[in-house]
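The following comprises the amino acid sequence and a computationally predicted model.
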Amino acid sequence: MEYQALVKCSTKKKDVQFKTYSVPELNSNECLLKVNAVGICGSDLHMYDGHGGYDWVTYPLVLGHEVTGTVIAMGTAGDQTFLNKRVVINPYKSCGVCDYCQRGETNCCDFNDYKLIKTPTEALRYGFREAGGMAQYMVVDVNNIIVIDDAVSDEVAAISEALAVSYTAVLKVADYKKKSVLVIGPGPIGLGVAAILVGAGNEETHMLGVPQDQSRLQLAKEIGVHATFVATEELIHDNFSGYDAIIDCSGHPTIPKEAIRLLKRGGQLVLVGINSAEFAVPMDQIVRGEIMIKGSYGITQANYEAVLQMAADTKYPFNKLIAHTVPFKDSLLGFESALNKVNGKVVIHFKEEK
């Protein structure tokens with residue numbers, strides 16, 4: 001059986017083509033998905049647009065790691081009860097034996113190969129080092145599928161992996177439901193962080209953007225963010241008492257220094273946005289303020305399963321994070337739309353292929 005897939009052919013800018021493949025014979029540990037929907041991630045956009053920092057990716061590559069589909073075939077070793085179930089995929093294929101895996105921190109698994117330079121972990125596979133899900137069909141290890149509730153739409157399922165990235169960051173803040181939190185950067189991950197905090201009942205979730213982010217900040221208000229700002233000067237007033245935590249999803253190198261001013265003593269700065277630029281912060285302010293700085297990257301199986309439970313709960317406004325959907329044949333239009341910083345996530349759907 002033949003199928004179409006969207007392939008990034010090389011490191012060149014927008015070197016993307018639809019290609020025809022044949023469904024292979026399944027290994028005993030694999031299953032075949034009929035893809036229903038795929039989210040376009042920031043990393044997909046970087047690869048599509050030829051940005052640097054992705055020399056570790058294997059090209060040519062079928063893009064897409066935010067995937068939901070229906071299991072239509074199982075290998076001989078697979079649990080046959082998965083047949084006809086709607087699932088999402090976990091793009092991480094960890095070793096299962098290292099210290100990180102034993103602790104459930106599979107997003108840190110490097111197959112026991114220490115890295116002086118921290119590139120994305122070796123466990124990150126689908127859509128990066130192995131074929132992803134921007135295709136009519138996808139072959140997946142049975143250990144990497146998670147069944148989803150009927151209450152979760154294909155569109156929300158297609159952005160759930162990104163939401164799990166947001167949740168991994170939120171979990172860095174102890175007792176996050178009761179803390180005052182400033183989220184910086186109203187892109188998809190930042191909006192996901194805000195949606196999780198709001199859905200969990202946090203009553204002091206604020207968001208900071210820039211003047212060009214007005215429409216995205218309006219979406220933040222619609223999902224329940226309690227206050228939005230376009231400059232730090234708007235935050236500091238006579239009654240300002242600082243934040244318990246700041247989660248930076250912008251990746252701008254000026255943020256850490258500014259965040260230290262805005263945090264309470266004992267506050268936490270969680271860095272989620274990625275930038276290879278160096279930054280400097282005043283050491284005395286970190287020490288005297290007992291400020292904690294943490295990085296947050298990727299997802300774990302447990303975090304992903306927790307997000308899928310949230311997705312079935314109407315308290316969490318995840319559906320509002322979907323900017324729009326495009327049919328598979330118009331995937332490139334979806335990429336261009338996402339590059340133009342739409343409000344939320346762009347989802348590719350496969351309804352016309354059913």
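On my side now, so go ahead.

so what's the spatially most central residue of the chain up against?
What sits nearest the mean C-alpha location of the chain, by C-alpha atoms, centre = their mean, is Ala162, with 2.4 Å. Contact analysis of Ala162 by C-beta atoms under 8 Å, 6 or more residues apart in numbering lists 39, 41, 66, 188-189, 192, 345. C-beta here means a position set from N, CA and C on the backbone, and glycine is covered the same way.

Please narrow those to those residing in helices.
188-189, 192 (DSSP state H).

would a markdown table of these with pLDDT be doable?
Formatted as a markdown table, the ones in helices among the contacts of Ala162 follow (pLDDT from 0 to 100):
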| residue | pLDDT |
| --- | --- |
| Pro188 | 95 |
| Ile189 | 97 |
| Gly192 | 98 |
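
Buried among those residues? Need that as a selection in ChimeraX.
Applied in ChimeraX, the following selects the buried portion of these according to 16 or more other C-beta atoms under 10 Å:
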select :188,189,192
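
where in the stretch 101-250 of the chain is pLDDT low?
For the stretch 101-250 of the chain, not a single residue meets the criterion pLDDT under 70.

hey, where'd the helices end up in it?
Taking DSSP state H, counting those that start in this stretch as the criterion, the stretch 101-250 of the chain contains helices spanning 154-170, 188-199, 214-222.

So for Asp284, which of those helices sits nearest?
Across the helices of the stretch 101-250 of the chain, Asp284 has its closest neighbour in helix 154-170 (26.8 Å, C-beta to C-beta).

in the closest one, what counts as buried?
154-170.

Helices along the stretch 251-354 of the chain, start to end?
255-262, 283-289, 301-311, 331-339.

Same list (those helices) but as CSV, adding mean neighbour count, mean pLDDT and distance to Ala77.
Converted to CSV, those look like this (neighbours: other C-beta atoms under 10 Å; pLDDT from 0 to 100; distance: least, C-beta to C-beta, whole Å):
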stretch, mean neighbour count, mean pLDDT, distance to Ala77
helix 255-262, 18, 96, 47
helix 283-289, 12, 97, 51
helix 301-311, 19, 97, 19
helix 331-339, 19, 95, 33
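
export those helices to TSV and tack on distance to Ile146?
Converted to TSV, the helices of the stretch 251-354 of the chain look like this (distance: least, C-beta to C-beta, whole Å):
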stretch	distance to Ile146
helix 255-262	33
helix 283-289	39
helix 301-311	6
helix 331-339	24
